[in-house]
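Generate coordinates for the sequence data below:
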Amino acid sequence: MPDVPWSASPLDLVAELRRQVTGLVAHIDTTGKPVPDHVNPARHRLPGPVWHPVPGWTVRVIHDGESLLDSVYLTTPHMYAGTDFDAYRVAAVRRIAMAMLAACDAADARMAGVVVLGGRDLPEYGNCQDACHD
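Predicted coordinates:
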């Protein structure tokens, strides 16, 4: 408990412990995978399961016999009127999804003021110069 000296009162120690446990619990995945918001029928121009995770975003798998079998299709708010989409290979989408989950965990831990135990020192690890485009 680095933020509270051992000479602190028992209540301060308990408060610090509670803060640390809250952050660690944030790292536990307690939700299941979401079911599709709807499934377009076979006669639809884009048949298959569709998710709308947040306004303006659509994630779909197209079951039309012509589309790529190993692809997930994504529409974002920056696309034309929600009718345009990009295809991404399943492996790439999984890597993106895992990176987003990890980033959410890091943000949850930071909001809770948790010191992450183990792992790399995030502010000083790696070099974004070649990988990042911002």
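
quick check: longest helix of the protein.
As assigned by DSSP state H, the longest helix anywhere in the chain is helix 90-112.

and Glu16, how many neighbours does it have?
By other C-beta atoms under 10 Å, the residues close to Glu16 number 16. Every residue, glycine included, has its C-beta placed from N, CA and C.

how about the strands in the protein?
For the chain, the strands defined by DSSP state E occupy 38-40, 48-51, 58-60, 71-75, 86-89.

Leu13: which of the ones you listed is closest?
strand 48-51 (44.2 Å; C-beta to C-beta).

Adjacent strands (with direction) for that closest one?
With DSSP bridges as the test, strand 48-51 is paired with strand 38-40 (antiparallel), strand 58-60 (antiparallel).

Could you identify which of these is most buried?
strand 58-60 (a mean of 21; mean count of other C-beta atoms under 10 Å).

Figure out how far that one is from the centre of its chain.
15 Å (C-alpha atoms, centre = their mean, to the nearest Å).

low-confidence ranges in this structure?
1-6, 26-31, 80-83, 115-134 (pLDDT under 70).

sorry, back to before: go through the strands of the chain and name the closest to Ser9.
Of all the strands of the chain, strand 48-51 sits nearest to Ser9, with 48.9 Å by C-beta to C-beta.
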